[in-house]
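**Q** this one's sequence-less:
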């Protein structure tokens, strides 16, 4: 959709329109409801803002090339993606708003009902993703793999098998979202 609309040609305003239109259509493709429309719209707006910042003087500040600056960028990207994923996984906009209020602690519902094992199952893959990102920052996966000790690879694979088994046979096994289509 993006290229037939004109892609990155025809000026900045047209590029912004093309990005937002494409992502709104992608959101609606996932489901004809307001939460999917908002999911697409927010992702489109985030991409337009990111593209605008990339072209601005602010992006050229040396602080963004330092480890703390890159960490801030990662965390901001993760936060914004997480916000849109709440919309994506919600049944309705009302449910999404309830989830946002719960995450912010505004409606008295606590989100701290996870067990330490649940936190471990979330934090370990997250740390692995950050480590892989660090290893691949200046190269490719083929370059990074020989630098990883065999025992780390074995531990990661074992953790993945465990997480898959736990999610498939846990108390609330959920079906993969695209099986619904």
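**A** Structure received. What you see is a predicted model; the values in this text were computed from it and never measured. Residues are numbered from 1 along each chain as shown.

**Q** domain ranges for the protein?
**A** 1-109, 114-181 (automatic domain parsing).

**Q** So for the protein, the centremost residue is which one?
**A** Among the residues of the chain, the one closest to the centroid is residue 81, at 3.9 Å (C-alpha atoms, centre = their mean).

**Q** Which SSE is immediately downstream of the longest helix seen in the chain?
**A** Longest helix in the chain by number of residues (criterion: DSSP state H): helix 67-89. Using DSSP states H and E, the helix or strand that follows helix 67-89 in sequence is helix 93-104.

**Q** Low-confidence regions, the chain specifically.
**A** Residues of the chain meeting the criterion pLDDT under 70: 108-114, 167-181.

**Q** All the helices of it, in order from the start?
**A** 12-30, 34-54, 67-89, 93-104, 116-135, 141-144, 150-169.

**Q** From the rest of the structure, what touches the first one?
**A** If I follow you right, that is helix 12-30. 1-2, 5-9, 36-41, 43-45, 47-48, 51-52, 88 (C-beta atoms under 8 Å, 6 or more residues apart in numbering). Quick note: C-beta positions are derived from backbone N, CA and C, even for glycine.

**Q** again, 10 Å this time
**A** Here helix 12-30 makes contact (C-beta atoms under 10 Å, 6 or more residues apart in numbering) with 1-11, 33-52, 55, 84, 87-88, 177-178, 180-181.

**Q** my guess is the residue nearest to the centre of the chain meets residue 87, correct?
**A** No: shown here, residue 81 and residue 87 do not form a contact pair, counting by C-beta atoms under 10 Å, at 11.0 Å.

**Q** got any residues that touch both of these two?
**A** Residues touching both residue 81 and residue 87 (C-beta under 10 Å, 6+ apart): 42, 43.

**Q** As CSV, the helices of the chain with distance to residue 61 would be great.
**A** Supplementary listing: these in CSV, determined by distance: least, C-beta to C-beta, whole Å:
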stretch, distance to residue 61
helix 12-30, 21
helix 34-54, 11
helix 67-89, 8
helix 93-104, 30
helix 116-135, 22
helix 141-144, 29
helix 150-169, 35
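
**Q** out of the domains of the chain, deepest packed?
**A** When those are scored by mean count of other C-beta atoms under 10 Å, the highest mean neighbour count falls to domain 1-109 (a mean of 15).

**Q** list the contacts for the residue nearest to the centre of the chain?
**A** By C-beta under 10 Å, 6+ apart, the neighbours of residue 81 are 42, 43, 46, 88.

**Q** Report the two of the residues you listed separated the most.
**A** Largest separation among the contacts of residue 81 by C-beta to C-beta: 46 and 88, giving 13.6 Å.

**Q** I'd like the distance between the residue nearest to the centre of the chain and residue 74.
**A** Going from residue 81 to residue 74 by C-beta to C-beta, to the nearest Å gives 11 Å.
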